[in-house]
Structures are given as C-alpha cells and as structure tokens.
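A.B. asks: All I have is the shape, not the residue letters:
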C-alpha cells in the first residue's frame, strides 16, 4: 500500500462528524459578529478537510492547519461559549449543543491532521501506536 492509499484509508475511517460542518441554527437572525465568526469557523474547517483529501499533503501544510484551528477556531468557539454563560435568554446566544459539536469536530480534525502529518513523514499509526517505516 503506498502513502496515497494510506492517506485515503485514514480519511475514510474518520468519524461521520467530519462529513459536514454544522450550519448556524436557522431560527435566529444572527448578528454580523456571529456570521463573521461562523464564516471563519466554516472556512477553517473546509480548508483543513480539503488538505486532508490531498494526495500530496506535507507536514508543513498539516502544521499550518493545526495552528489555524488551535489559534483561531478554538478561541472563537471559547468566546461563543463564554457569551452563553451569561444571560441565556439573549437571542444572539448559540445553543450549547452547537458549540460542543463544533468543538468536537475540530478536535477530530486535529487528530486526523496529526495522523496525516505522521503519514507524510513516513510514520504509520497502528492502534494508537506510532511505528516508523
């Protein structure tokens, strides 16, 4: 099995959570800030999953996407969660379930990127063990 086949296998074994980033709940007229934050989250997700689908992903590109997730997406989700800790009757508060599922998706995405980075370096992940080729 060559590296391309292994990368494809890794991508197809990812949880269904990575199939689509959840849209904003439709029942609200979201503020401009929420819409901009969502666009950043969505684009971060879309770009990272596109990188995972590439046959020639390298460790530098993987690192870029992991850094983007940890430096941009996670802080945005944290800020959204902190907004919810106040008055939850505010119409601009996102449901906690939406925030949690989005955070979980980014967590799985980081794990998938780490695995892809290891494969790009010639390391193979087998049952939570890393074995050098």
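C.D. replies: Here it is on my side, so go on. Nothing here was measured: the structure is a model prediction, and the numbers come from that model.
A.B. asks: contacts and neighbour counts: CA atoms only from here.
C.D. replies: Fine.
A.B. asks: most centrally placed residue in this protein?
C.D. replies: residue 106 (2.9 Å; CA atoms, centre = their mean).
A.B. asks: got the contact list for it?
C.D. replies: 45, 69, 73-74 (CA atoms under 8 Å, 6 or more residues apart in numbering).
A.B. asks: ok, these vs residue 60, which is closest?
C.D. replies: Closest approach between those and residue 60, by CA to CA: residue 69, at 14.4 Å.
A.B. asks: The closest one reaches residue 44, doesn't it?
C.D. replies: Yes - assessed by CA atoms under 8 Å, residue 69 is found in contact with residue 44 at 6.8 Å.
A.B. asks: So which residues of the protein form strands?
C.D. replies: Applying DSSP state E to the chain gives strands spanning 123-126, 129-132.
A.B. asks: max-length helix in this protein?
C.D. replies: Counting residues, the longest helix found in the chain (DSSP state H) is helix 96-120.
A.B. asks: gap between that helix and the chain center?
C.D. replies: 4 Å (CA atoms, centre = their mean, to the nearest Å).
A.B. asks: Return the set of buried residues in it.
C.D. replies: 98-99, 102-103, 105-107, 109-110, 112-120 (16 or more other CA atoms under 10 Å).
A.B. asks: same deal with stretch 41-53?
C.D. replies: Across stretch 41-53, burial judged by 16+ other CA under 10 Å covers 41-42, 44-45, 48-49, 51-53.
A.B. asks: Repeat that for stretch 20-37.
C.D. replies: 21, 30, 34, 37.
A.B. asks: what bits of this protein have low per-residue confidence?
C.D. replies: 1-18, 86-92, 123-133 (pLDDT under 70).
A.B. asks: All set now, cheers.
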